[in-house]
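Colleague: return atomic coordinates for the entry below.
(chains A and B)
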Amino acid sequence: MAKRFLSGNEAFAYGIRLAKPQVISAYPITPQTIVVEKLSEMVEDGSLESEFIHVESEHSALSCAMGASAVGARAFTATSSQGLLYMAECLVYASGGRFPIVMMNANRSTALPWNIYGDQRDSISQLDSGWIQAYAENAQESLDFALMSYYIAEQKQVSTPFMVNLDGFVLTHTYEVVDVPSSEQADAFLPPYETENKLDLLKPKNLAFSAGPEHNTAFKYKEHIGMLNVKKAVADAEERFAEIFGRRYTGLTESYFTEDADYILITLGSIAGLVKETVDKLREKGERVGLLRLRYLRPFPNEEIAESVKNAKAVAVLEKDISFGNEGTVYTNVNSALQKSKISIPTSNYIGGLGGKNISQAEIETIFYDLKQEKFKVRFLSVGGDLK
Amino acid sequence: MSLNAKTLNEEEFFYGHKACAGCGGSLAVRIALKVLGERSIAVLPAGCMSAVGFNFPQLCFGNNAIISTFAGTASMLTGIEAGLRAQGITDFQAVGFAGDGGTADIGLQALSGAIDRNDDILYICYDNEAYMNTGIQKSSLTPFGAKTTTTPAGKNIRGNLRPKKNMFEIVAAHGIPYAATASVGYLNDFIKKVEKASKIRGTKYIHIIAPCPTGWGIPTDETVNIAKEVVDCGLWYLAEYENGEYILNHKPKEFSDVEEYLKKQSRFRHLTEEDIETIKRSRDLKWEALNKNFRNN
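Modeller: Coordinates of the predicted model:
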């Protein structure tokens, strides 16, 4: 294990080097580009042995990764924003084909208007694509996700592609001290990819076929079960990870002072760091506040959310997303989780960080005080205007 | 000795499928796989051959085969080739079979990318000159004058107004190691080209005319004859591109009658004398260029 000063993108690339994908398909898009640049350097200097393919589009990036996965190779690609949307057809294809590809997505706003900065509308628009979706808070977690994602995705009972999301610029381009595990440790953690779901020259198969109305639902049901199996696979991966690397993660969510909190802010991604500081600050003033960070959006942590907020007086969801004509999609999902567990407490939704707009500590404090003052609403931070 | 129809592998790799009677595309796929053998991995995008061959649980390929996205034939071939090579496996042939729309329209970008990288794959375009799987819509390989369901032959517009895109030379312009044209009417020529392509490293492209009785409006037992005739009347040609050079494989001593070729097909039945003259003129111009720029063999 060596300490290095790395950006989120670089940390992720170091994690991918440890995971040793056999095929990497690369296409540039800001703010992801540094990942594939870094990986190309690693291939060049011989520290990573991998087929590095310069594809001509994001659609081909994922199509190529599917081809590699379909012959049993470990595959990696990375994208962002418009690139993710351009490959959308391949997203559902990869999950339907049960190809455990790992992809890093640098969360970035989607056009129009054009904007290269971070929000989460790109990946959240693809929640139904059948991919596991995880959101990293910092550079260390980014590297660790790179390793753990393959372990989880490749479990036979999961066999589902894995999208790791890093907030554009705020996380992808910000430098932190990161523990980089040794190759021996990584090998002890992550075994080589083995699968029967592949084109095999000794046992020929037809893959990615058609299934009519009679069979289609059964395939989709199995896909759903595969996604539900992720929770157990995450627990196993984190247990193994803690044993080998000494860092312990907390499953689909991370609770920060939720146990005795009256007011809980639910959010995801890098903003959680500032929310933690804010919780610390308000707790010093005697406010019983807490944070629940969603580390995964798919599978959705229904039980974990219900368990964490069951004793709270009110909950707010802060997200970098809006589903026009409704509300933030994370908020919709959280409300569904509460309803299923018959938890009936007021909830609010704050839409922030769109197109990279900074979310300030003052705004986070205001969210907690709004909850305390029983002001429940859907609000666009920095624009205002209560919508409920 | 090189392969021919008599010495071809008797084993079948593509059978039990639901292709229409007289399907030229399925003939091209079947014959190519007989040449390439059991260690070929076939990629087929959305289109006729995937629609008729991959209906779970009735899967019709005896070798490894997979459907790609419509645009992703070449990029999936790339991944397959790289994925196996990364595992130390090199004695196989990644082969794509895409239609004219899947090749010249939606798949052109990915194909161009694969040729640019010189990936070790064989890409076969079975050209039936329209989107036949969705019910005969115009593609960029639909010839001038052809009636399709999106280029109807009416009073104001008489079918497709644009000439056929020249895929063979577009591909060759990339500096590809090997490209060829073929026709299911000249199967020995096609067999030889597939065999030759399989022995060349880097990207290979074969463009085979594969008539569709349903879309062309011909009897189902006329597929091979009409595929011969399109070559004999000069509207298609058999050629290769290799080592930076164009080679003409077959030069009819005298063209057979273009009008006769056209009028056998209901997609051309509406053409006027003037239209037919236009088609003849463009054929003659093409052959002037072929005679000038292509070496005879």
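Colleague: list the contacts of the closest residue to residue A:120 other than its chain neighbours.
Modeller: Leaving aside its sequence neighbours, residue A:120 sits nearest to residue A:320 (CB to CB, 6 or more residues apart in numbering or on different chains; 4.2 Å). C-beta: built from backbone N, CA, C; applies to glycine. By CB atoms under 8 Å, 6 or more residues apart in numbering or on different chains, residue A:320 lies in contact with A:107, A:118, A:119, A:120, A:121, A:167, A:269, A:271, A:351, A:352, A:353, A:354.
Colleague: quickly note the distance from the closest residue to chain A within chain B to residue B:107.
Modeller: Distances from chain B to chain A, computed as CB to the nearest CB, single out residue B:79 as the nearest residue at 2.4 Å. Per CB to CB, to the nearest Å, residue B:79 is found 15 Å from residue B:107.
Colleague: which one of those two has more residues nearby?
Modeller: Using other CB atoms under 10 Å in any protein chain shown as the criterion, residue B:79 and residue B:107 rank with residue B:79 on top: 35 against 29.
Colleague: check the secondary structure at that one for me.
Modeller: Assigned by DSSP: H, G, I helix; E, B strand; the rest coil, the conformation of residue B:79 is helix.
Colleague: tell me the spacing between the closest residue to it other than its chain neighbours and residue A:119.
Modeller: With sequence-adjacent residues excluded and distances taken as CB to CB, 6+ apart, residue B:79 is closest to residue A:67, at 2.4 Å. Separation of residue A:67 from residue A:119 (CB to CB) stands at 32 Å.
Colleague: kindly report the same for residue B:240.
Modeller: On the measure of CB to CB, residue B:240 and residue A:119 end up 53 Å apart.
Colleague: also residue A:57?
Modeller: Shown here: residue A:57 relative to residue A:119, a distance of 23 Å by CB to CB.
Colleague: can you check residue B:85 too?
Modeller: Distance of residue B:85 to residue A:119, given as CB to CB: 39 Å.
Colleague: these two - which one has more neighbours?
Modeller: Taking neighbours as other CB under 10 Å, residue B:85 and residue A:119 compare with residue A:119 leading, 27 against 20.
Colleague: what does the model give the more buried one for pLDDT?
Modeller: pLDDT, residue A:119: 97.
Colleague: try residue B:1
Modeller: Looking at residue B:1, the pLDDT reads 55.
Colleague: cool, and residue A:376?
Modeller: With respect to pLDDT, residue A:376 scores 80.
Colleague: can you check residue A:386 too?
Modeller: Per the predicted model, pLDDT is 69 at residue A:386.
Colleague: can you check residue B:24 too?
Modeller: pLDDT, residue B:24: 98.
Colleague: that one: how many residues sit nearby?
Modeller: 28.
Colleague: and for residue A:362?
Modeller: Other residues lying near residue A:362 total 8 when counted by other CB under 10 Å.
Colleague: which residues touch residue B:43?
Modeller: Residue B:43 sits next to A:67, B:65-68, B:73, B:76-77, B:80, B:94-97 when contact means CB under 8 Å, 6+ apart.
Colleague: ok, now residue A:292?
Modeller: Listed by CB under 8 Å, 6+ apart, the contact partners of residue A:292 are A:253, A:254, A:255, A:256, A:258, A:264, A:265, A:266, A:267, A:305, A:308, A:309.
Colleague: now, which of the residues you listed lie within helices?
Modeller: Mapping those onto helices (DSSP state H) picks out A:305, A:308, A:309.
Colleague: can you tell me the element the residue lying closest to the first one once chain neighbours are set aside falls in?
Modeller: Leaving aside its sequence neighbours, residue A:305 sits nearest to residue A:337 (CB to CB, 6+ apart; 4.4 Å). Using DSSP states H and E, residue A:337 falls within helix A:329-340.
Colleague: could you give the mean pLDDT of that helix?
Modeller: Mean pLDDT, computed over helix A:329-340, is 98.
Colleague: sort out which residues of whichever helix or strand comes after it are buried, please.
Modeller: Next helix or strand after helix A:329-340 toward the C-terminus (DSSP H and E): strand A:347-351. Applying a neighbour-count criterion of 16 or more other CB atoms under 10 Å in any protein chain shown, one finds A:347, A:348, A:349, A:350, A:351 buried in strand A:347-351.
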